[in-house]
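In: build me a structure from this.
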Amino acid sequence: MPFNVNVEKGELPSSQVVAANTIIQHARSQGSQFAERAVGVTVPTLRVDQTGLEYEQRSNQGAIEFRFVTGTLRLTLRQAVYISNAISSCAQRIWEAHEQEHVRDNQELMGSLEREVRAHRALQDILINPRWRPRREFDAVQRTIRESAGEIFQRLTREAVQRRDTQAEYYAIQRRINAQCGG
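Out: This next block holds a predicted model:
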């Protein structure tokens, strides 16, 4: 029973200049330790498309059961980049370059997403080694697929952000701003 994962890295987003409080809200929602002073943020989202998954049904002692048998789970990265309107256009360009590094990090981690999905115990039980389940569990199983893929994605993106967003990186950005933008 072949099961495929199709991972798409999505388009490169253009930055949007928005109000500073919008940046802070997005940074908070992502759990950034630097949220209160954030002037740029990249917001990745994962679209989980299950329409390519195929299942079979049977009647067992008068009850309808199902299991997934084949198909493709499509996982698509979407990203938005926000830069604060409260900083100079010169500083915006420098912060945009930093945020584009986050964009690239997120695109790169999509390469490991298939492996992580295949290794996830709940997803293995549903898609790789499926068992018969009562039809009434269909919506819950689809929710488990969506939530499990989302949890994996959130963990990977959170780890990537933690590697990039360090105090040393922020000091280096501030030095570039001071040197190129006149402080």
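
In: any low-confidence regions in this structure?
Out: Residues of the chain meeting the criterion pLDDT under 70: 1, 183.

In: repeat the analysis, applying 90 as the threshold.
Out: 1-3, 11, 30-35, 182-183 (pLDDT under 90).

In: which stretches in it count as strands?
Out: Assigned by DSSP state E, the chain shows strands spanning 3-8, 15-18, 40-49, 53-60, 63-84, 133-134.

In: please name whichever of those is nearest to residue 115.
Out: strand 3-8 (8.9 Å; C-beta to C-beta). The way it works is simple: take the backbone N, C-alpha and C, and place the C-beta from them, glycine included.

In: give the pairing partners of that closest one; include direction for each.
Out: strand 63-84 (parallel) (DSSP bridges).

In: pull out the buried residues from the strand it pairs with.
Out: 65-68, 71-77, 79-84 (16 or more other C-beta atoms under 10 Å).

In: gap between the residue of the chain positioned farthest from its centre and residue 68?
Out: Residue farthest from the centre of the chain, counting by C-alpha atoms, centre = their mean, is residue 61 at 41.9 Å. Counting by C-beta to C-beta, to the nearest Å, the separation of residue 61 from residue 68 is 21 Å.

In: how deep is residue 37 tucked in, by neighbour count?
Out: 11 (other C-beta atoms under 10 Å).

In: revised request: answer the last question for residue 94.
Out: Residue 94 has 20 nearby residues by other C-beta under 10 Å.
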